[in-house]
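[1] Provided below are the primary sequence and the corresponding predicted coordinates.
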Amino acid sequence: MASSISSTVGQLGRLLPRRLPGRTGLGLVIWAAAWFVFFLVITFPHDLIVGHWRDEIAARSGWQVRYDDVWLRPWNGYHLAQARLIAPGKDLEPWLAAGEVVFRPSLSALLGAAVFPFYFSGSAYGGSFTGSVDQSGTLDLSWQGLRMADYPRFAKLLEGIWSGELSGEIHLSGKGDFKNVEGRGKLGLKNASLTQGKAEGFAIPDLHFASGDADLELKAARLDIRSLKLSGSEADADLHGQIYFQSAVPVVNAALNLKPIPGAPAGLEALLTLMNRNQKPPSGTYSFTVYGALNALRLR
């Protein structure tokens, strides 16, 4: 037994170097390894890898990720330059555009076993966002401090100068166009305003809203605005209804309630009375229907 152990130890001893590398030799090994990793990082076809993930995202969820350039920083992930997130369907205007997005795949994705889940984060429109996509293609996205003045889609809702900060979160699942996508979302608004606004040729008195929140649900190409409440300096507003995505331009059908705040500019009450067929409601709350294409809304 003792001789067997001695023989085994002797065979293992032949595999060991006769002497350990000196400091100079060890330094050369580390130096060579560092340069190997460096050249591997800069010459690796990262654009092909990220392109494969991008195609998988489009195939599973219908959402398109576009970008101008990609590079890797090993300590925090892939960086996409001029990244855009485009929703399923025919609307090619990005729902999110950022100068740089950090894209962090899971360990299984790096090893080639799977694409999902992956995580991303970045800055856009003066705020920040984070998100993820799981194995089923479900998108979770949250953002903070988005400046409304920098987000181009607001200008299409109503003519005027927008300001304020928007925060929120959305959860979307499904793939293809909007009829196959379901989800929900919440929005929060802070220090918002609309100045120099116009609607149907009428000049809208400047409006300022200290806070606001909304609860939304998407199903069968229809976005249900369950609740949208705004608390303002001139008026309080409440909106609920639907936005339909069954055509190239979304169509709105919603109920809007506006109640002027005591001390509001006289022009606001006069405008609301005119739009309400020259009638002042006993409750002080003016009710309207908002309808029509999203880029050409009308009130009645």
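    Good, I have the coordinates. Numbers count the residues shown, from 1 in each chain.

[2] and Leu166, what does it touch?
    127, 143, 146-148, 151, 187-190, 192 (C-beta atoms under 8 Å, 6 or more residues apart in numbering). Placement of C-beta: from N, CA and C, glycine included.

[3] the same query, at a cut-off of 7 Å, please.
    By C-beta atoms under 7 Å, 6 or more residues apart in numbering, Leu166 lies in contact with 146, 148, 187, 189.

[4] okay, and the third one sits in which element?
    Read that as Leu187. Counting by DSSP states H and E, the element that carries Leu187 is strand 181-199.

[5] list of residues touching that strand?
    Residues outside strand 181-199 that contact it (C-beta under 7 Å, 6+ apart) are 62, 88, 148, 158-174, 204, 206-219, 230, 299.

[6] out of the contacts of Leu166, which end up buried?
    For the contacts of Leu166, a neighbour count by 16 or more other C-beta atoms under 10 Å gives the buried set as 146, 148, 187, 189.

[7] which SSE is the first one in?
    Using DSSP H and E, Leu146 sits in strand 139-147.

[8] so which bits of whatever helix or strand comes next after that strand are buried?
    With elements assigned by DSSP H and E, the helix or strand that comes after strand 139-147 is helix 152-157. Using 16+ other C-beta under 10 Å as the test for burial, helix 152-157 gives Phe154.

[9] where does the prediction get shaky in the stretch 1-150 of the chain?
    Residues of the stretch 1-150 of the chain that meet the criterion pLDDT under 70 lie in 1-46, 61, 106-116.

[10] and the strands in it?
    64-66, 69-73, 77-86, 96-105, 118-124, 127-133, 139-147 (DSSP state E, counting those that start in this stretch).

[11] re the thing from before, which two among the contacts of Leu166 are spaced furthest apart?
    Met148 and Leu187 (11.1 Å; C-beta to C-beta).

[12] tell me which helix or strand comes right after the strand or helix carrying Ala270.
    Assigned by DSSP H and E, Ala270 belongs to helix 266-275. Following helix 266-275 in sequence order, the next helix or strand is strand 286-293 (DSSP H and E).

[13] that following strand pairs with which strands, parallel or anti?
    Listed by DSSP bridges, the sheet partners of strand 286-293 and their directions read strand 251-260 (antiparallel), strand 298-299 (antiparallel).

[14] tell me which of these sits most buried.
    strand 251-260 (a mean of 17; mean count of other C-beta atoms under 10 Å).

[15] check the offset of that strand from the chain's centre.
    26 Å (C-alpha atoms, centre = their mean, to the nearest Å).

[16] could you chop the chain up by domain?
    Using automatic domain parsing, the domain ranges for the chain come out as 26-137, 178-300.

[17] contact partners of the strand holding Leu146?
    Against strand 139-147 from outside (C-beta under 7 Å, 6+ apart): 61, 63, 125-133, 165-172.

[18] same thing but at 6 Å, please
    Strand 139-147 has contacts (C-beta atoms under 6 Å, 6 or more residues apart in numbering) with 125-133, 165-167, 169-172.

[19] out of the residues you listed, what pair is the most spread apart?
    Farthest pair in the contacts of strand 139-147 (C-beta to C-beta) is Val133 and Glu165. Separation: 25.9 Å.

[20] could you list the low-pLDDT ranges of the stretch 201-300 of the chain?
    201-202, 295.

[21] returning to that earlier point: between Val133 and Glu165, which has more neighbouring residues?
    Set side by side, Val133 and Glu165 show more neighbours around Val133, with 24 against 18, by other C-beta atoms under 10 Å.

[22] for the strand or helix carrying Trp162, which strands pair with it and how are they oriented?
    Using DSSP H and E, Trp162 sits in strand 159-174. Paired strands of strand 159-174, with direction, are strand 139-147 (antiparallel), strand 181-199 (antiparallel) (DSSP bridges).

[23] tell me which of these lies nearest to Gln279.
    Across the strands paired with strand 159-174, closest to Gln279 is strand 181-199 (C-beta to C-beta), at 18.7 Å.

[24] got the contact list for Pro265?
    Counted by C-beta under 6 Å, 6+ apart, Pro265 has contacts Pro205.

[25] please renumber the chain so that the first residue is 22 from this point on.
    Will do, 22 is the new start, and the previous item becomes Pro286.

[26] burial of the nearest residue in space to Asp89 that is not next to it in sequence, as a residue count?
    Among residues not flanking Asp89 along the chain, Gln103 sits closest, at 4.1 Å (C-beta to C-beta, 6 or more residues apart in numbering). Neighbour count of Gln103, defined by other C-beta under 10 Å: 13.
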